[in-house]
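Asker: Need coordinates for the below:
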Amino acid sequence: MDHTAHPASAGRAPAPVLYFGHGAPPLADDPLWTGQLSSWSQGLGRPRAVLIVSAHWEAAPVTIGATTTAPLTYDFWGFPRRYYEVTYPAPGAPELAESVRRLLSGGPAPVAEAPDRGLDHGAYVPLKEMYPGADVPVLQISMPTLDPQELFDLGRRLSPLRDEGVLIMGSGFLTHNLSCIDMSLGTDAAAPSWSAEFDDWAARAAVSGDVDALLDWRTKGPAAEIAHPRSEHLAPLFVALGAAQSSGENARSVIDGFWYGLAKRAFQFG
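Answerer: All right, here's what the predicted structure looks like:
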């Protein structure tokens, strides 16, 4: 696989690329995690726009969400009513959408459109903590596959957006197996061994720039099939890796720890 870095535009540092866990709607009630996200965003500066890929939108081909302010997508069930009353009226990003269409033209399939699809909880839950004023234009696009190499290639094709001041975000969870955790133990529950081991391995691989190992996570990662029985929450990391590869940046781990035993680690590239 060709993971050769290419220099960024002369004289301008590209916008960072992020991967992070988004928890669930009750993340808003966790003062530690919300504080971490808020502090992190303050050090990032104000992006021209945000392009986000969430674990909660899979659609092929790549599909562009709403480009105007649209109602949120409350893609969760069984929570108290107040979580369905949250709003996040961020401006749409039609110019960014056009740039995405341009960059992905000539790809494996035409880009599709979902003009009425608002941000899902994988997008708006963390964004509400990071940019609470809802004043940064946001565009969400779908993941067209869970194949690591294809998602890496998607991120690489989108990486020129960084030179335009676009903050590319992948929102997932570094470990995610709800069937193997006990929610009754609370947010501070000790991480089970499979979650701690996979989190440690992935962090070391990301920080050292071992992209090949991360893309081959099913065979290289410890307890991989338990940490991710289905990979939709890990998959946004592959988009982030591709978007960062153009300038050859390894990850920095900016948030760590566990939430109900699941790894909430966040990475920043650049």
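
Asker: would you list every one of the helices in the protein?
Answerer: For the chain, the helices defined by DSSP state H occupy 31-42, 94-104, 121-130, 148-158, 193-208, 211-215, 217-220, 224-227, 235-245.

Asker: Mean pLDDT and distance to Leu72 added to those helices, as JSON lines?
Answerer: The way it works is simple: take the backbone N, C-alpha and C, and place the C-beta from them, glycine included. Putting the helices of the chain into JSON lines (pLDDT from 0 to 100; distance: least, CB to CB, whole Å) gives the following:
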{"stretch": "helix 31-42", "mean pLDDT": "96", "distance to Leu72": "18"}
{"stretch": "helix 94-104", "mean pLDDT": "97", "distance to Leu72": "18"}
{"stretch": "helix 121-130", "mean pLDDT": "97", "distance to Leu72": "6"}
{"stretch": "helix 148-158", "mean pLDDT": "97", "distance to Leu72": "23"}
{"stretch": "helix 193-208", "mean pLDDT": "98", "distance to Leu72": "29"}
{"stretch": "helix 211-215", "mean pLDDT": "98", "distance to Leu72": "31"}
{"stretch": "helix 217-220", "mean pLDDT": "98", "distance to Leu72": "31"}
{"stretch": "helix 224-227", "mean pLDDT": "98", "distance to Leu72": "29"}
{"stretch": "helix 235-245", "mean pLDDT": "97", "distance to Leu72": "19"}
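
Asker: possible to save these as a markdown table with distance to Trp259 and mean neighbour count?
Answerer: Formatted as a markdown table, these follow (distance: least, CB to CB, whole Å; neighbours: other CB atoms under 10 Å):
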| stretch | distance to Trp259 | mean neighbour count |
| --- | --- | --- |
| helix 31-42 | 7 | 16 |
| helix 94-104 | 30 | 17 |
| helix 121-130 | 12 | 25 |
| helix 148-158 | 24 | 21 |
| helix 193-208 | 10 | 19 |
| helix 211-215 | 22 | 18 |
| helix 217-220 | 21 | 14 |
| helix 224-227 | 14 | 20 |
| helix 235-245 | 17 | 28 |
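
Asker: Pull the number of nearby residues for Arg12.
Answerer: By the criterion of other CB atoms under 10 Å, Arg12 has 11 neighbours.

Asker: residues contacting it?
Answerer: For Arg12, the contacting residues are Asp163, by CB atoms under 8 Å, 6 or more residues apart in numbering.

Asker: Quick check: the gap between it and Pro160.
Answerer: Applying CB to CB, to the nearest Å, the value for Arg12 to Pro160 is 12 Å.

Asker: what's the overlap in contacts for these two?
Answerer: If you check Arg12 and Pro160 against CB under 8 Å, 6+ apart, no residue is contacted by both.

Asker: returning to that earlier point: nearest to Phe258 among the helices of the chain would be which one?
Answerer: Minimum separation from Phe258 across the helices of the chain (CB to CB) falls at helix 193-208, 6.6 Å.

Asker: in this protein, which residue is closest to the centre?
Answerer: Nearest to the centroid of the C-alpha atoms of the chain, with distances taken as CA atoms, centre = their mean, sits Gly170, at 1.5 Å.

Asker: Would you mind confirming that it is in contact with Leu18?
Answerer: Yes - using CB atoms under 8 Å, Gly170 is in contact with Leu18, at 6.9 Å.

Asker: what's the overlap in contacts for these two?
Answerer: Joint contacts of Gly170 and Leu18 (CB under 8 Å, 6+ apart) are Ala240.

Asker: Can you give me the distance of the nearest residue in space to the residue nearest to the centre of the chain that is not next to it in sequence to Glu58?
Answerer: The spatially closest residue to Gly170, leaving aside those adjacent along the chain, is Pro236, at 3.0 Å (CB to CB, 6 or more residues apart in numbering). Distance of Pro236 to Glu58, computed by CB to CB: 11 Å.
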